[in-house]
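Novice: what shape does this take:
(one chain, ligands or ions: 1)
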Amino acid sequence: MTQPSIYQQVLDPANRANPYPLYAELRKTPVTREDDGTYVVSTYNEISALMHDPRVSSDPRNRTGVDGATAAPERAQPEPALSFINHDPPDHDRLRELAMRPFGPPQTPGRIDGMRPWLTEITTGLIDKFADKNRVDIVDDFAYPLPVTAICQLLGVPLEDQPRFHQWADGLIETLDPATGTLEERMRKKEEVLADLGQYFSHLVDSRVDQPGDDLLSGMLTDQGQHAPMSRKDLLATASLLLVAGHETTVNLITNGMLTLLRHPDVLDRLNRHPGIVITLVEELLRYEPPVQMRTNRTTVADIDIGGTTIPKGSPLALMLAAGNRDPSRFADPDSFDPARIDNAHLGFFGGIHYCFGAPLARTEAQVALQELARRLINPRLVTDPPPYRPNPELRGPRHLLVEYDSVAP
Ligand code: HEM
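Specialist: Numbering: from 1, shown residues only. Alright, predicted model coming up:
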């Protein structure tokens, strides 16, 4: 039997707890070709160049199989409405702008900052429930509920409907995980969940047409900008995208954050005494333990010369963000967790035109969550290190994170 490639070893769940030595191996050859025709790119400058290269497409319709053979079913038949993460310009830019206008600056500068007091309240409520025990699971009891609740709040989903969203978010995340069932089973499940979600959003949109609120959905519906209005199909695709893109990623940022802090008790203590350090600390987490470790959804639409290799047109790419984030040619002492790092243009939120749309919300959630955990848990410690991980190599994070503590500060 042939030896698995380094990339195959990265995909192996047995290496999920610590893939970083494998990334160091990968970086020795910045661009490598897998037997299935995928090009794996692992160094900072090369990843960064490809992120900004218009010859790299995010549209699954550009993906053919190896050597131009028939595309895999999930690649050949995208859903009826592709969300903007799966579009190239000009459609990407038009749809992203329509969603951005009611979300952030310059048109709506206060939306995310305005959510901070509310996020603090939700976080406080979750930690209050820790008071009558000495051990919690940071994933199930804390990090998991927060991001879905935040996206519901953002979109204007009424409180009583939110439990259904948690189920849909879980269902969709499951379908992203290659380890869960066959491709057909996952595609069927995804279609079921998206159909339920679409139906729900459709009713919600109807109610907002009559009575717009101060939420993102109403904002997208009533926008008067150059490209307005957003079609109903695109509106539904965008709402589902926000749920999928903003859920597990943020869960993993908060969980990876707490894990890293518990492994660096001096930093946890500093955060407790100087909460302001949280800003650079969260950026460093996005570099050191990025929730999105790689992206495998890109295809070249022309031959590209990079890192001493010519990647042929039509090749699938694996952009190894987490390997780029530890590239010693870009970051000083890259394997050290330095919460005060200033020169930190990490790849955790990607780059170029697809730079994470929800970054301001993700940052705010993680800042509030980690500040409050550091302040309120007295003498917290890890129960198991390393914790058990989910198998997914792309959206990497612990399945559970058991933490014990002496008491909870008010
Ligand atoms: C720590 C949390 C998060 C991380 C690490 C993260 C990371 C990323 C990355 C790497 C991409 C690029 C994906 C690609 O082009 O293939 C991306 C795009 C995106 N993210 Fe996030 N994300 C996070 C949270 C969020 C949140 C909370 C939201 C929603 C409110 C969100 C919405 C999006 C959207 C809509 C895109 C597509 C942008 C585009 O194609 O122009 N993300 N994110």
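Novice: from the stretch 251-400 of the chain, which residue is nearest to the ligand?
Specialist: residue 358 (2.0 Å; Cβ to the nearest ligand atom). Using the backbone N, CA and C atoms, a C-beta is placed for each residue, glycine as well.
Novice: okay, the closest residue to that residue other than its chain neighbours: pLDDT?
Specialist: The shortest distance from residue 358 to any non-neighbouring residue, by Cβ to Cβ, 6 or more residues apart in numbering, is to residue 246 (4.8 Å). Predicted confidence (pLDDT) for residue 246: 91.
Novice: list the contacts of residue 246.
Specialist: Contacts for residue 246 (Cβ atoms under 8 Å, 6 or more residues apart in numbering) come out as 147, 150-151, 358, 361-362.
Novice: could you redo the last one with a cut-off of 10 Å?
Specialist: 147-148, 150-151, 154, 169, 356-358, 361-362, 365 (Cβ atoms under 10 Å, 6 or more residues apart in numbering).
Novice: mind giving me the packing neighbours of the strand or helix carrying residue 124?
Specialist: Per DSSP states H and E: residue 124 is located in helix 116-128. Counting contacts by 3 or more Cβ pairs under 10 Å, 6 or more residues apart in numbering; DSSP states H and E, helix 116-128 packs against helix 145-155, helix 359-376.
Novice: which element follows the first one toward the C-terminus?
Specialist: Okay, so that is helix 145-155. Next along from helix 145-155, by DSSP H and E: helix 162-176.
Novice: ok, now which ones touch the closest residue to residue 11 other than its chain neighbours?
Specialist: The shortest distance from residue 11 to any non-neighbouring residue, by Cβ to Cβ, 6+ apart, is to residue 393 (5.0 Å). For residue 393, the contacting residues are 7, 10-13, 15-16, 19, 177-179, 293-294, 296, 318, 322, by Cβ under 10 Å, 6+ apart.
Novice: just those residues: which are in helices?
Specialist: 7, 10-11, 322 (DSSP state H).
Novice: if we can go back for a sec, hmm, who's touching the next helix or strand after the helix holding residue 124?
Specialist: Moving toward the C-terminus from helix 116-128, the next helix or strand (DSSP H and E) is strand 135-137. Under the criterion Cβ under 10 Å, 6+ apart, residues 126-127, 129-130, 141-144, 255, 377, 380, 383, 387, 398-405, 408 lie in contact with strand 135-137.
Novice: what's the longest strand in this structure?
Specialist: The longest strand of the chain (DSSP state E) is strand 295-300.
Novice: what's it packed up against?
Specialist: If contacts are counted by 3+ Cβ pairs under 10 Å, 6+ apart, strand 295-300 sits against strand 39-41, helix 44-51, strand 56-57, strand 316-319.
Novice: residue 171: neighbour count?
Specialist: Neighbours of residue 171 under the rule other Cβ atoms under 10 Å: 16.
Novice: distance of it relative to residue 247?
Specialist: Residue 171 sits 11 Å away from residue 247, going by Cβ to Cβ, to the nearest Å.
Novice: in a markdown table, list the helices and strands packed on helix 116-128 along with mean neighbour count.
Specialist: What follows is those, written out as a markdown table (neighbours: other Cβ atoms under 10 Å):
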| stretch | mean neighbour count |
| --- | --- |
| helix 145-155 | 21 |
| helix 359-376 | 22 |
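Novice: weakest of the ones you listed in terms of mean pLDDT?
Specialist: Per-stretch mean pLDDT for these is lowest at helix 145-155 (a mean of 92).
Novice: now do that helix against helix 116-128, angle only.
Specialist: With axes from the mean of the first three to the mean of the last three Cα atoms, to 10 degrees applied, the angle from helix 145-155 to helix 116-128 works out at 150 degrees.
Novice: angle of helix 145-155 against helix 359-376?
Specialist: 140 degrees.
Novice: from the middle of its chain, how far away would helix 145-155 be?
Specialist: Relative to the centre of its chain, helix 145-155 is centred 14 Å away, using Cα atoms, centre = their mean, to the nearest Å.
Novice: could I get the CA-only coordinates of that helix as CSV?
Specialist: Presented in CSV, the C-alpha positions along helix 145-155 are these (Å, rounded to 0.1, in the frame of the first residue of the first chain):
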residue,chain,number,x,y,z
PRO,A,145,-26.1,28.4,21.8
LEU,A,146,-24.6,31.9,21.4
PRO,A,147,-23.9,32.3,17.6
VAL,A,148,-27.3,30.9,16.4
THR,A,149,-29.0,33.2,18.8
ALA,A,150,-26.9,36.1,17.5
ILE,A,151,-27.8,35.4,13.9
CYS,A,152,-31.5,35.0,14.7
GLN,A,153,-31.3,38.4,16.4
LEU,A,154,-29.5,39.9,13.4
LEU,A,155,-32.1,38.6,11.0
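Novice: packing partners of that helix?
Specialist: Based on contacts counted as 3+ Cβ pairs under 10 Å, 6+ apart, the elements that helix 145-155 packs against are helix 111-114, helix 116-128, helix 162-176, helix 183-210, helix 216-222, helix 232-246, helix 248-263, helix 359-376.
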